[in-house]
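after the sequence you'll find the predicted model.
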Amino acid sequence: MATLFFDCETFSEVPIANGTHAYAEGAKIILASYAWDDEPAVCVDMTDGSTTLDDLQDLMDKAAVVVIHNSAFDRTILRNVGVNLPVEKVHDTMVQALSHSLPGALDKLCTVLHVPTNLAKDKDGKRLIFLFCKPQAANRKLRICDRTTHPADWEAFKSYARMDIEAMREVYKRLPKWNYAGPATNSRRDELELWHIDQRINDRGVAVDRELATAALRAVERLQARLAYEASELTEGHVGTTTQRDRVIAYLADYLGYPVEDLKGASVERILGDLGLSDEVRELLLNRQQAAATSPAKYRALLKGASKDGRLRGTLQFCGASRTGRFGGRVFQPQNLPRPVVKGWAVEEGIAAMKNNTEDLLFNNVMDLITSAIRGCIVAPAGKKLVIADLSNIEGRMLAWLAGETWKLEAFAAFDKGVGHDLYKITAASILHKKPEDITKDERQVSGKVPELACGYQGALGAFKTMGALYGVDLPDNTVLGIVKAWRGAHPNTVKLWYGLENACRDAVHSPGVVKRVGKLAIQRDGVWLRIRLPSGRYLCYPGIECDDAGKLSYLGVNQYTRKWERLRTYGGKLVENVTQAASRDVLCHGMKLAEESGYPVVLHVHDELLCEVPDSPDYNVARLSAIMSTNPPWAEGLPLAAAGFETYRYRKED
């Protein structure tokens, strides 16, 4: 089978930051680089007429497998210029890397995998990309650089493109294949098929209401102008606008008589808690909160990223959360949508008001409306509707199933049948030694919901305090520790799983090649890798695994704060969190696959929620989608699953 390694360099007036699909609509291929199997890399100039798009199509047709790094980009570019490359032919080394908890960027992969430096990305490559792949600054005489304006740099660019192929081919040879083996093998076909579904979802995209996004940004402009005027009035000219961070800090420090370090949300809330604040300062701070909201950026990203047909594409990254394999968000980050403050019908009313430029007549806090309406930009096109369903407490159910917490599984199953109490009441009852029906609303919150969300992954005082702050629960430390102890006492098998998994991982590190088993999980060390086999057959991967003299486990990964590849510590609760979230992801993906097969095309998914765009007919309904998503995968016998949702023409957060 002939394997083609392929990459293309492109030019577009549209910034790549707008998203691949918007970029691709105006892009042209300027260089195409490729290599067959182990043959030398070739770079052809697509601007001199010697190679045509038909020639590129011939390459794709002849190849049995086409290896590309970040194929979503190249495949979209090729499709937009008329070259067909079926996704079933593609082996994506970036996705392969992410599925094994490795960095996605090719240059970082070369470093991590110790690809020889002569094959690593040329450091001059970024300069050449900026020179040839985008227009130059508007104040420069020469806006477009090419082979005629910079012949020497053009030859260097071609050399850089060939080097990319050589680097990608070497990375391809060195990457593990436990979770993603590509189209050339039958191994791990389920993950490969899932990636194909993911690519179809990204290519399909979701319809968006650009009129709403435009209206929301108009509302932002009006709001910011009003807030700037009010800031000047409230401070007698000392602050010209609430977005002037340093001036606001200086004004507050002068008023309060003590230093103000920042204007982050928590800091502003603390100051607002001062009952002695003047009305003017309180209003200034409230206005600052409105002005500092990030929602407008999402509206801008949506408008810039939408394709000409009114659909937003490329919003999901397969294995974007590389540790667990959960999906990441792209373009306008659908996985990170703000929780709405304005509820239900009021959002619909507010959307109409923004479109009519009258939102300030109906809402005192316009930014709350703007933030709450962002989901409403996702709509169903004419003749269609959105059927939306969400897996119910999938992480809580999965943790109980993995740990063998039988009483909890029975409680979930009873609740799903309508004959039992909800889990938070049952948890509170077990902690307070009361009957579930006697649990009050406050007890459900304090001794049920907060400990359930805080304690499952070995969380104690700090986790409880953090989670409690989100739900308005503030208790003395000794009370919290008592609740944590009671929760652990009610969940002996969960506690056993924390320590059992950590001990098994530690033992595996010291016994390479020997499989250690903990419940439904299998752990094994392979060279520098630690692998945890999930019930689905997929592996969680921990590269560079080590166990120090004190028995502390660590591995190499991307630090979520520094974004650098470095050594990270882990422990039993964190390992259980990884495993639980990963297995929950596998349940969602099973439901996604069944939904696609059942005629419910997925246009977006957010955490554990599927959005399907279907004909506006009673034959397509939320009861059917919920049943599909609640169907157990073959590997998850005994796991109680439930889903619920709604049907709509405009996406919203269900109350």
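Nice, I can see it.

so where's the stretch 1-150 of the chain uncertain?
1, 117-123 (pLDDT under 70).

all the strands of it, residue numbers only.
For the stretch 1-150 of the chain, the strands defined by DSSP state E, counting those that start in this stretch cover 3-11, 28-36, 42-45, 65-68, 90-92.

which residues touch the residue lying closest to Ala72 once chain neighbours are set aside?
Among residues not flanking Ala72 along the chain, Thr20 sits closest, at 6.1 Å (Cβ to Cβ, 6 or more residues apart in numbering). To be clear about C-beta, it is placed using only N, CA and C from the backbone, and glycine gets the same treatment. Counting by Cβ atoms under 8 Å, 6 or more residues apart in numbering, Thr20 touches Ala72, Phe73, Thr76, Arg313, Gly314.

just the pLDDT for Lys653.
Looking at Lys653, its pLDDT is 89.

what's the answer for Arg650, then?
So Arg650 comes in at 96 (pLDDT).

ok, it - contacts?
Asp209, Glu348, Ile351, Gly376, Ile378, Val379, Ala380, Leu386.

number of residues surrounding the second one?
A count of neighbours around Glu348, defined by other Cβ atoms under 10 Å, yields 14.

SS state for it?
helix (DSSP: H, G, I helix; E, B strand; the rest coil).

then the third one?
At Ile351 the chain is in helix, as set by three-state DSSP.

I'd say it and Arg375 touch.
No - checked against Cβ atoms under 8 Å, the pair Ile351 and Arg375 is beyond contact range at 10.5 Å.

more neighbours, the two?
Ile351 (22 against 17).

and that one, how far from Thr214?
As judged by Cβ to Cβ, to the nearest Å, Ile351 and Thr214 stand 12 Å apart.

same question for Asp309.
17 Å.

compare those two (neighbour count), which wins?
The residue with more neighbours, out of Asp309 and Thr214, is Thr214; 14 against 10, by other Cβ under 10 Å.

how far does the helix or strand of the chain with the lowest mean pLDDT sit from its chain's centre?
Lowest mean confidence among the helices and strands of the chain (mean pLDDT, DSSP states H and E): helix 265-272, at a mean of 79. Mean-position distance between helix 265-272 and its chain equals 28 Å (Cα atoms, centre = their mean, to the nearest Å).

do the same with stretch 308-317
On the basis of Cα atoms, centre = their mean, stretch 308-317 sits 15 Å off its chain's mean C-alpha point.

now the residue of the chain positioned farthest from its centre, what's its secondary structure?
Note on the chain: the largest C-alpha distance from the chain mean falls to Glu236, namely 44.1 Å (Cα atoms, centre = their mean). Under three-state DSSP, Glu236 falls in the coil class.

and it, what pLDDT?
pLDDT, Glu236: 81.

contacting residues around it?
By Cβ under 8 Å, 6+ apart, Glu236 has no neighbours at all.

now with 10 Å?
Counting by Cβ atoms under 10 Å, 6 or more residues apart in numbering, Glu236 touches Tyr251, Glu280.

now Trp498
Applying Cβ under 10 Å, 6+ apart, the residues near Trp498 are 403, 456-458, 488, 491, 571-577.

assumed it was part of a helix.
Yes - counting by three-state DSSP, Trp498 is part of a helix.

could you report the neighbour count for the closest residue to it other than its chain neighbours?
Closest residue in space to Trp498, ignoring its immediate chain neighbours: Gly572 at 3.7 Å, by Cβ to Cβ, 6+ apart. Neighbourhood size, Gly572 [other Cβ under 10 Å]: 22.

and if you look at the one 4 residues further on?
With neighbours defined by other Cβ under 10 Å, the count for Val576 comes to 25.

that one contacts Asn493, correct?
No - the criterion here is Cβ atoms under 10 Å, and Val576 misses it with Asn493 at 11.5 Å.

can you list residues touching both of these two?
Common neighbours of Val576 and Asn493 (Cβ under 10 Å, 6+ apart) are Leu399, Leu402, Ala403, Gly500.

got these as CSV, with distance to Arg247 columns?
Output for the shared contacts of Val576 and Asn493, formatted as CSV (distance: Cβ to Cβ, whole Å):
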residue, distance to Arg247
Leu399, 48
Leu402, 53
Ala403, 54
Gly500, 56
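
so which of the contacts of Thr20 are in helices?
Here DSSP state H is the test, and the contacts of Thr20 give Ala72, Phe73, Thr76 as lying in helices.

does the first one touch Gln199 like I think?
Yes - under the contact definition of Cβ under 10 Å, Ala72 touches Gln199, with a separation of 6.7 Å.

looking at the two, which is more packed in?
Comparing Ala72 with Gln199 by neighbour count (other Cβ under 10 Å), the higher total belongs to Ala72, at 25 against 22.

look up how far Met46 lies from the more buried one.
Distance from Ala72 to Met46, by Cβ to Cβ: 20 Å.

before we move on, what about Leu277?
64 Å.

again with Leu481
67 Å.

settle it for me: which of these two has more neighbours?
Legend: neighbour count by other Cβ under 10 Å for Leu481 and Met46, higher for Met46 (22 against 14).

which residues touch that one?
Met46 neighbours (Cβ under 10 Å, 6+ apart): 8-11, 28-32, 52-53, 55-56, 81.

can you say which of those are buried?
Using 16 or more other Cβ atoms under 10 Å as the burial test, these include Cys8, Glu9, Thr10, Phe11, Ile29, Ile30, Leu31, Ala32, Leu56, Val81 as buried.

among those, which pair sits farthest apart?
Phe11 and Leu56 (15.9 Å; Cβ to Cβ).

just say helix, strand or coil for the closest residue in space to Ser295 that isn't next to it in sequence.
Nearest residue to Ser295 in three dimensions, chain neighbours excluded: Thr371, at 4.3 Å (Cβ to Cβ, 6+ apart). Counting by three-state DSSP, the backbone at Thr371 sits in helix.

how near is Thr371 to His196?
35 Å.

next one: Ala32
In terms of Cβ to Cβ, Ala32 sits 24 Å off from His196.

in the stretch 301-450 of the chain, which spans are strands?
311-312, 316-321, 326-329, 384-391.

closest to Ile129 out of the ones you listed?
Going by Cβ to Cβ, the one of the strands of the stretch 301-450 of the chain nearest Ile129 is strand 316-321, 21.3 Å.

which other residues reach the closest one?
72, 92, 94-101, 104, 179-180, 191, 194-195, 197-199, 201-202, 325-331, 334-335, 560, 578, 581-582, 585, 602, 604-606.

so what strands line up beside it?
The strands beside strand 316-321 in its sheet (DSSP bridges) come out as strand 326-329 (antiparallel).

quick one: distance of the strand it pairs with to the chain centre.
On Cα atoms, centre = their mean, the centre of strand 326-329 falls 3 Å from that of its chain.

okay, buried residues for that strand please.
For strand 326-329, using 16+ other Cβ under 10 Å, the buried residues are Arg326, Phe327, Gly328, Gly329.

identify the residue nearest the residue positioned nearest the centre of the chain in space, chain neighbours excluded?
The residue lying closest to the centre of the chain (Cα atoms, centre = their mean) is Gly328, at 2.3 Å. Leaving aside its sequence neighbours, Gly328 sits nearest to Gly320 (Cβ to Cβ, 6+ apart; 1.7 Å).

give me the pLDDT for that neighbour.
Gly320 is assigned a predicted lDDT (pLDDT) of 93.

ok, the one 10 residues further on next?
The pLDDT attached to Arg330 in the predicted structure is 92.

my guess is it contacts Gly205. True?
No - Arg330 is beyond contact range of Gly205, at 11.9 Å (criterion: Cβ under 10 Å).

can you work out which residues contact both of those two?
The contact lists of Arg330 and Gly205 share Gly305, Arg313, Gly314, Thr315, where a contact means Cβ under 10 Å, 6+ apart.

reformat those as CSV; add pLDDT.
Conversion of the shared contacts of Arg330 and Gly205 to CSV gives the following (pLDDT from 0 to 100):
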residue, pLDDT
Gly305, 96
Arg313, 97
Gly314, 96
Thr315, 96
